[in-house]
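Novice: My questions concern the predicted model and sequence given below.
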Amino acid sequence: MTKVNPYKDSDLGKKEQVTKMFDNISGTYDDLNRVISFGIDIKWRKKVVELVKNTKPNTILDIATGTGDLAINLAETQADKIIGLDISPGMLDVGKQKVKAKQLDGTIEMILGDSENMPFADNTFDAITVAFGVRNFETLEKGLAEILRVLKPNGIFVILETSVPVKTPFKQGYKLYTNNIMPFIGKLFSKDKSAYKYLSDSAAVFPHGEALNNILKKIGFINVKDYPQTFGVATIYTSSKQ
């Protein structure tokens, strides 16, 4: 079973640690994301939206929605209902404000919940997305199995997640940036000094590419494909349910 421990010196479980961490950084999360990713994460999310939009979904679930960036972008699909689910009340509070400011509260509902134990019936959603969230699951396989359960047959599941480039010099540059520069920027602007170190550390050990493809297939997803982005620093994965 795949687990990543964000704070090795904490007595809290991973789920509680992740919740606390994202609550702490919720106020600066959006701005820091833009700085740390040089704004490229906006382009990646647009690709996710296009993949989902092509399936013409009526109902969408955005897991680990955070402050709602992807859920808001998914409104472009013209889906009747979009639910953003997250375990962090602080992140959801920011997201709810953004949704209301864009007058999307009739379409997007932000819900506090656990991705590994979701309050939805089997076969509920036409499309499910997770952007930069699967590596925060306490138990990856359990979270993916829960996603498969609530996804409708023939529905699409799209993951956007960081990955480690395999080619030189991108691999070396990525390690230098994520191990040194990104945590330094996080320390300057975030009150949780460990948060951005965790984000880089967890990305480094999280299965990506063919390794994650194999886990998705093992859980029961079909039509599994991966699309590396920007020299491999992120990857989009698509799959569906039989």
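Specialist: Here it is on my side, so go on.
Novice: so what does the helix or strand where Glu141 lies touch, helix or strand wise?
Specialist: Here Glu141 sits within helix 140-150, counting by DSSP states H and E. For helix 140-150, the elements it packs on are strand 125-131, helix 210-219, judged by 3 or more C-beta pairs under 8 Å, 6 or more residues apart in numbering; DSSP states H and E. No exception for glycine: its C-beta is placed from N, CA and C like everyone else's.
Novice: Apply 6 Å and report the result again.
Specialist: Counting contacts by 3 or more C-beta pairs under 6 Å, 6 or more residues apart in numbering; DSSP states H and E, helix 140-150 packs against helix 210-219.
Novice: buried ones in the helix it packs on?
Specialist: For helix 210-219, the neighbour count (16 or more other C-beta atoms under 10 Å) marks Leu212, Asn213, Ile215, Leu216, Ile219 as buried.
Novice: repeat for stretch 104-111
Specialist: Neighbour-count burial for stretch 104-111 [16+ other C-beta under 10 Å]: Leu104, Thr107, Ile108, Met110.
Novice: And stretch 77-85, by the same measure?
Specialist: Thr77, Ala79, Ile82, Ile83, Gly84, Leu85.
Novice: now do stretch 161-169
Specialist: Glu161, Thr162, Ser163, Val164, Pro165.
Novice: now, the most widely separated pair of these?
Specialist: Of all pairs drawn from these, the greatest distance, 13.7 Å, lies between Glu161 and Pro165 (C-beta to C-beta).
Novice: Quickly list what Tyr237 is bridged to.
Specialist: Here Tyr237 shows beta-bridge partners Ile159, Asp226, assigned using DSSP bridges.
Novice: List the contacts of Ala71.
Specialist: Listed by C-beta atoms under 6 Å, 6 or more residues apart in numbering, the contact partners of Ala71 are Asp62, Thr65, Ile82, Gly84, Ile108.
Novice: nearest to Pro228, of those residues?
Specialist: Closest approach between the contacts of Ala71 and Pro228, by C-beta to C-beta: Asp62, at 22.1 Å.
Novice: Parallel or antiparallel, list what pairs with whichever strand or helix holds the closest one.
Specialist: Per DSSP H and E, Asp62 falls inside strand 59-63. Here strand 59-63 has these sheet partners by DSSP bridges: strand 81-86 (parallel), strand 125-131 (parallel).
Novice: The nearest residue to Val18 once chain neighbours are set aside: how many residues sit nearby?
Specialist: Of all residues not flanking Val18 in the chain, Asn136 sits nearest, at 5.0 Å (C-beta to C-beta, 6 or more residues apart in numbering). Using other C-beta atoms under 10 Å, Asn136 has 26 neighbouring residues.
Novice: got it, and the one 4 residues further on?
Specialist: Look at Leu140: counted by other C-beta under 10 Å, it has 21 neighbours.
Novice: where does it land on pLDDT?
Specialist: Predicted confidence (pLDDT) for Leu140: 95.
Novice: who's in contact with the spatially closest residue to Leu144 that is not a sequence neighbour?
Specialist: Nearest non-adjacent residue to Leu144, counting by C-beta to C-beta, 6+ apart: Ile219, 4.6 Å away. Contacts for Ile219 (C-beta under 6 Å, 6+ apart) come out as Leu144, Ala145, Leu148.
Novice: the strands in the chain, which residues?
Specialist: Taking DSSP state E as the criterion, the chain carries its strands at 59-63, 81-86, 108-112, 125-131, 151-162, 222-229, 234-240.
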